[in-house]
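In: When you get a sec, could you give me coordinates for this:
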Amino acid sequence: MNLRLDWCSYEAAKFAVEHWHYSKCMPIGKLDKIGVWENEKFIGCVIFGYGNNQYQGVRFGLVQTQICELLRIALTNHESSVTKIVKVALKMLKELNIGMRLVVSYADPEQNHNGAIYQGGNWIFIGTGGSNEAFYNKQGERVHSRLVGKGGVKNVFGRNIRTYDSDTTTKRKLEKKFKYVYPLDDEMRKQIEPLRQPYPKRQTGGRGEIDNASQSNEKTGGASPTRPLLDLEPLLQVETG
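Out: Predicted coordinates:
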């Protein structure tokens, strides 16, 4: 089996997220998009970006250009471990972004994720954080908060986009997400290491996040890979670079 990671187009990343990630929602803002191929077949992507919190580096004494977030791991069926894929992606991220020192990511307990892939990659667990609320449409399906706006319209970075009308959705509180950080240099690791907490354990009976595609929950996706929603989707022609 031949594993290859390379920079991919926005269109390829969007396809992977909308088909193979539980959020079905492509992140916005400046993104670094890394495609993943096995035996020359496109199987998904890893996406890094600045996330929604422009102040998340303050706690660590970092400016915005020194810290980013691992926003999406969207994979279809595959043989390579997700931990290995993320490790290669982190190396590529560091080489592209001189001065980048820390990566943040979250594992969602609502999806039965405890961060197993981060634990396997020696990420540092520092507690909980992130948004603790979610929106659900009339069909009871969870929708991303970015896709909910008053009157069905929301202004995102100065541009109005069509969304679910907030009056037709239901909002409820959720468990806080597990927060992991990965230092990109030895000095930062020494600084962050004292913040390390014991890794959270998998919930009893949970199958939402396993580092092997053939054993993963087929519905949740995300950091845990999932089979395509459309098995008969025409083969996607992917550009690199």
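
In: Where do the helices of this structure begin and end?
Out: Remark: helices assigned in the chain by DSSP state H are 10-20, 82-96, 116-120, 186-192.

In: Of all those, which one is nearest residue 71?
Out: Each of the helices of the chain was scored for nearness to residue 71 using Cβ to Cβ, and the closest is helix 10-20 (9.2 Å). To be clear about C-beta, it is placed using only N, CA and C from the backbone, and glycine gets the same treatment.

In: What helices and strands are in contact with that closest one?
Out: Helix 10-20 is packed against strand 31-38, strand 41-49, strand 67-75, with contacts defined by 3 or more Cβ pairs under 8 Å, 6 or more residues apart in numbering; DSSP states H and E.

In: For the residue found closest to residue 37 once you drop the neighbours it is linked to in the chain, give me its contacts.
Out: Take residue 37 and drop its neighbours on the chain: the residue closest to it by Cβ to Cβ, 6 or more residues apart in numbering is residue 4, 4.5 Å away. Going by Cβ atoms under 8 Å, 6 or more residues apart in numbering, residue 4 touches 36, 37, 38, 40.

In: Next: residue 200.
Out: Residue 200 is in contact with 107, 109, 114, 115, 125, 178, counting by Cβ under 8 Å, 6+ apart.

In: how much space between the third one and residue 91?
Out: Residue 114 sits at a distance of 25 Å from residue 91 (criterion: Cβ to Cβ, to the nearest Å).

In: With residue 84 instead?
Out: On the measure of Cβ to Cβ, residue 84 and residue 91 end up 11 Å apart.

In: quick one, which of those two is more surrounded?
Out: residue 84 (15 against 12; other Cβ atoms under 10 Å).

In: Please verify my assumption that residue 49 contacts residue 26.
Out: No: at 10.4 Å, residue 49 and residue 26 do not qualify as touching, with contact defined as Cβ atoms under 8 Å.

In: quick one: which of the two has more around it?
Out: Neighbour totals were compared for residue 49 and residue 26, and residue 26 leads with 21 against 17 (other Cβ under 10 Å).

In: Strands of this protein, start to end?
Out: Secondary structure of the chain (DSSP state E): strands located at 3-7, 31-38, 41-49, 67-75, 102-107, 124-129, 133-136, 142-143, 148-149, 153-156, 159-162, 164-165, 170-173, 177-183.

In: could you dump those strands to JSON lines with mean pLDDT and distance to residue 189?
Out: Below are the strands of the chain laid out as JSON lines (pLDDT from 0 to 100; distance: least, Cβ to Cβ, whole Å):
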{"stretch": "strand 3-7", "mean pLDDT": "97", "distance to residue 189": "23"}
{"stretch": "strand 31-38", "mean pLDDT": "97", "distance to residue 189": "21"}
{"stretch": "strand 41-49", "mean pLDDT": "97", "distance to residue 189": "19"}
{"stretch": "strand 67-75", "mean pLDDT": "96", "distance to residue 189": "14"}
{"stretch": "strand 102-107", "mean pLDDT": "94", "distance to residue 189": "9"}
{"stretch": "strand 124-129", "mean pLDDT": "92", "distance to residue 189": "8"}
{"stretch": "strand 133-136", "mean pLDDT": "72", "distance to residue 189": "33"}
{"stretch": "strand 142-143", "mean pLDDT": "67", "distance to residue 189": "35"}
{"stretch": "strand 148-149", "mean pLDDT": "75", "distance to residue 189": "38"}
{"stretch": "strand 153-156", "mean pLDDT": "66", "distance to residue 189": "35"}
{"stretch": "strand 159-162", "mean pLDDT": "67", "distance to residue 189": "39"}
{"stretch": "strand 164-165", "mean pLDDT": "72", "distance to residue 189": "41"}
{"stretch": "strand 170-173", "mean pLDDT": "72", "distance to residue 189": "34"}
{"stretch": "strand 177-183", "mean pLDDT": "95", "distance to residue 189": "4"}
